[in-house]
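Visitor: Fold the following.
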Amino acid sequence: MNHQHFRRSPSGFAMLEVLIALVVLAFGMMSIAGMLLISHKANSSSYIKQQAVQSGYDIVDRIRSNSQAAIAGSYNANNLTTGNTPTLPGTPSQNCSTSACTASQLASYDLWVWLVQDLAQLPNGSGSIATSAAGGNTQLIVTVQWDDSPAQSKLGAAGSSQASHPNLAQFIVQTLL
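Guide: Numbers count the residues shown, from 1 in each chain. Below you'll find the predicted structure:
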């Protein structure tokens, strides 16, 4: 009797290994895509916050260069909102970037530039400036506020509308003049 030993070849086993490797690779790629989406949302929010910081320090520099008007209260302003579009001031009578101005005219022009041009770069950007006497000095508090909902909902499913549930963020600078 002739016994032949037949060895079964592992046919199809290599195909199964390739299929499992592709499934593992697909899950890895989906995880990487999810991390990229979260990273993009965070970067969008960081970019807007950086604009807010620059805007806050811009008006502080403007106020320091015209500190006597700030001490007199010429820079005090507030158009902070709780989700509505902020109220913007009218165009000042004097354009101080092209002609000489008094200290109060410069304060009015600086406020207009800050509220209408700088803060307009932010979603529903608004701000406030308050000066007060503080132990022989003048304390300056600048608040920049914006709606961070567009950055938070970017590339994500937002369940509520931006207007009804704003995600307000603030940046506050306090300094002495």
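Visitor: Under the pLDDT cut-off, which ranges of this structure? List them.
Guide: The chain contains residues with pLDDT under 70 at 1-12, 83, 151-166.
Visitor: which residues of it fall in strands?
Guide: All strands of the chain, identified by DSSP state E, fall at 77-78, 126-134, 137-147, 168-176.
Visitor: what about the second one, distance to the chain center?
Guide: The gap between the average C-alpha position of strand 126-134 and the chain average comes to 22 Å, counting by Cα atoms, centre = their mean, to the nearest Å.
Visitor: Equivalent analysis for the last one, please.
Guide: Counting by Cα atoms, centre = their mean, strand 168-176 is centred 13 Å from the centre of its parent chain.
Visitor: Which helix runs longest in this structure?
Guide: helix 13-65 (DSSP state H).
Visitor: Distance of the spatially most central residue of the chain relative to Thr85?
Guide: With distances taken as Cα atoms, centre = their mean, Ile48 lies nearest the centre of the chain, 2.3 Å away. Ile48 sits 17 Å away from Thr85, going by Cβ to Cβ, to the nearest Å. All C-beta spots, glycine's among them, are computed from the backbone N, C-alpha and C.
Visitor: what do you get for Leu25?
Guide: Separation of Leu25 from Thr85 (Cβ to Cβ): 48 Å.
Visitor: Repeat that for Asp118.
Guide: Applying Cβ to Cβ to Asp118 and Thr85 gives a distance of 16 Å.
Visitor: ok, those two, which is more surrounded?
Guide: Asp118 (20 against 10; other Cβ atoms under 10 Å).
Visitor: if you skip the residues just before and after it, what's nearest to that one?
Guide: Leaving aside its chain neighbours, Asp118 sits nearest to Ser55 (4.3 Å; criterion: Cβ to Cβ, 6 or more residues apart in numbering).
Visitor: what do you get for Thr85?
Guide: Among residues not flanking Thr85 along the chain, Asn124 sits closest, at 6.3 Å (Cβ to Cβ, 6+ apart).
Visitor: pretty sure the one you found contacts Asn79?
Guide: No: applying Cβ atoms under 8 Å, one finds Asn124 not in contact with Asn79, separated by 10.7 Å.
Visitor: Between the two, which is the more surrounded one?
Guide: Each of Asn124 and Asn79 has its neighbours counted (other Cβ under 10 Å); Asn124 has more, 21 against 17.
Visitor: number of nearby residues for Cys101?
Guide: Using other Cβ under 10 Å, Cys101 has 19 neighbouring residues.
Visitor: How many residues are close by the residue nearest to it when sequence neighbours are not counted?
Guide: Distances taken as Cβ to Cβ, 6+ apart place Gln94 nearest to Cys101, at 5.1 Å, with adjacent residues excluded. Counted by other Cβ under 10 Å, the residues lying close to Gln94 total 16.
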